[in-house]
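Engineer: next come a sequence and a model predicted from it.
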Amino acid sequence: MRLIEALKMAEACGLSTVGEAVMNIELHAGSLFPYQDLPLELAQLESEASAFDENVRVKEAIAGLLDDKYPVPTCPHCGTELKMQIVTVNELSKTVYKEVKFVCPRCGYEE
Ligand SMILES: [Zn+2]
């Protein structure tokens with residue numbers, strides 16, 4: 001989920017800070033997204049929200065995003081907007097966990 005959508009939802013619910021906006025989505029994620037999309041939706045939201053202090057006001061954050069003061073991550077090689085990808089990692093053939101990666105759709109750069 002994009003941060004801007006979470007912020008607009010928070011504004012509609014009368015919440016005041018970015019931290020509350022993110023928590024609002026986390027608490028209701030189970031009824032907002034299909035189960036298999038949960039990790040990706042939440043990872044995208046948390047990654048975009050990490051550009052902000054959690055105490056930033058919702059209205060300020062919306063204005064900042066609309067002004068493009070907090071752009072989404074872009075590729076250092078070609079400037080394309082990076083896409084988030086979830087990779088399943090199988091460690092020592094026991095623990096399976098998911099890892100989030102940013103990948104450039106144009107040149108394949110990963111971070
Ligand atoms: Zn690139």
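Structural biologist: Good, I have the coordinates. Everything quoted here is computed from the prediction, not taken from an experiment.

Engineer: what average pLDDT does the longest helix belonging to the chain get?
Structural biologist: Selection of the longest helix in the chain by residue count, based on DSSP state H, yields helix 18-32. Mean per-residue pLDDT for helix 18-32: 94.

Engineer: any idea how far that helix is from the middle of the chain?
Structural biologist: Taking CA atoms, centre = their mean, to the nearest Å, one finds the center of helix 18-32 at 12 Å from the center of the full chain.

Engineer: tell me the helix or strand right after it.
Structural biologist: The first helix or strand that comes after helix 18-32 along the chain, using DSSP states H and E, is helix 38-49.

Engineer: which secondary structure elements does that next one contact?
Structural biologist: Counting contacts by 3 or more CB pairs under 8 Å, 6 or more residues apart in numbering; DSSP states H and E, helix 38-49 packs against helix 3-13, helix 18-32, strand 83-91, strand 95-103. Every residue, glycine included, has its C-beta placed from N, CA and C.

Engineer: redo the ones you listed as a markdown table? Include mean neighbour count and distance to Gly64.
Structural biologist: A markdown table is the format used below for those (neighbours: other CB atoms under 10 Å; distance: least, CB to CB, whole Å):
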| stretch | mean neighbour count | distance to Gly64 |
| --- | --- | --- |
| helix 3-13 | 18 | 10 |
| helix 18-32 | 17 | 10 |
| strand 83-91 | 11 | 21 |
| strand 95-103 | 12 | 21 |
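
Engineer: of all those, which one is nearest Lys59?
Structural biologist: Taking CB to CB, helix 3-13 is the member of these nearest to Lys59, at 7.0 Å.

Engineer: residues making contact with that closest one?
Structural biologist: 18, 20-22, 24-25, 45, 48-49, 52, 58-59, 61-62, 65-66 (CB atoms under 8 Å, 6 or more residues apart in numbering).
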